[in-house]
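need a structure here:
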Amino acid sequence: MLLQKEREDVVRYGKMLITHGLTKGTGGNISILNREAGLFAISPSGIDYFETEPEDVVVMDLEGRVVDGKRKPSSEHELHRIFYVKREDIDAVVHTHSVYSTVLAVLREELPASSYLVAFAGGPNVRCGDYASFGTRELAEATCRAMEGRNAALMANHGLVAGGKDILNAFNIAEQIEGCAEVYVKARMIGKPVLLDDEEMDRMVDAFRYSYGQKKKKEDM
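Presented below is the predicted three-dimensional model:
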C-alpha cells in the first residue's frame, strides 16, 4: 500500500483528535508528507475516526491530485497542501476544531503570550488569519499568511492549524496551543491576564527549538 506508514499514522492520530478533546464528530483533519516521494497522506472526508482504516486514507501529490485511495480526501486538502509547497520545515499538519482556540478564532483575536508554552507555536503569539469559506484556496492562503514564521495559526470562525517536522510534533503543538487558549480564555473571565514580554518569549522559542525534548543519537539517525 502506497505510504502505508503515513496512512497508519493518520488513522492513529485521527483517533487521538477525539480522545484528546481536540475535535468532535468528524471535524478536523490530519495529513503527513513523504517529502522524498512528493506525496502526502490525508484523512478522508466525513468518516468517523474510529471507523477509518489505513486504506480509507487518501494519498495526494503536491499538485493536489489524488494518486491513491478510493475515498474523497478531506475538504481541507488545499490547507494542508499549501504548507508542504511553501514550508520546507513542515512535514505534517493537524487541523482541529478545539473549543478554546475556536473561541478566540470566533472573536478573531490572536492568542498572546499568556504562557511560556505559547512559544511552541514558534513565536510570541498565535495569529488569527482572515476569514474565508472552508475548503477554499482563499482559506489556505489566509491561514498560511497567518502562520508565517510560526508553527500554528487560528482560523477565523473556524479552528486551529498546527504544523511540524513530523506528526508527533504537529500534534503536540496543536495540543499545547489549545491548552494555552483554554487558560487564557478562562483567565479573561476573572480578570486581565498578565502577558510575558517579547524578550522572555524569544528565550522560550529558542529553548523549545534547540533544547526541549529528546535528541536523536547518532546511531539512531
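
so Asn151 makes contact with Val118?
No - using CB atoms under 8 Å, Asn151 makes no contact with Val118, being 10.9 Å away. C-beta: built from backbone N, CA, C; applies to glycine.

so where do the strands sit in this protein?
For the chain, the strands defined by DSSP state E occupy 29-34, 39-42, 58-61, 66-68, 92-96, 128-129, 152-155, 159-164.

any chance of the ones you listed in a markdown table, plus mean pLDDT and distance to Arg188?
Shown next, in a markdown table, are those (pLDDT from 0 to 100; distance: least, CB to CB, whole Å):
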| stretch | mean pLDDT | distance to Arg188 |
| --- | --- | --- |
| strand 29-34 | 98 | 29 |
| strand 39-42 | 98 | 35 |
| strand 58-61 | 98 | 40 |
| strand 66-68 | 98 | 43 |
| strand 92-96 | 98 | 21 |
| strand 128-129 | 98 | 15 |
| strand 152-155 | 98 | 15 |
| strand 159-164 | 98 | 18 |
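
Dump the ones you listed to a markdown table, plus mean neighbour count and distance to Glu110.
Putting the strands of the chain into a markdown table (neighbours: other CB atoms under 10 Å; distance: least, CB to CB, whole Å) gives the following:
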| stretch | mean neighbour count | distance to Glu110 |
| --- | --- | --- |
| strand 29-34 | 26 | 23 |
| strand 39-42 | 26 | 27 |
| strand 58-61 | 21 | 31 |
| strand 66-68 | 15 | 35 |
| strand 92-96 | 28 | 17 |
| strand 128-129 | 24 | 5 |
| strand 152-155 | 28 | 7 |
| strand 159-164 | 28 | 12 |
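
looking at the ones you listed, which is closest to Lys192?
Nearest to Lys192 among those is strand 128-129; the distance by CB to CB comes to 19.6 Å.
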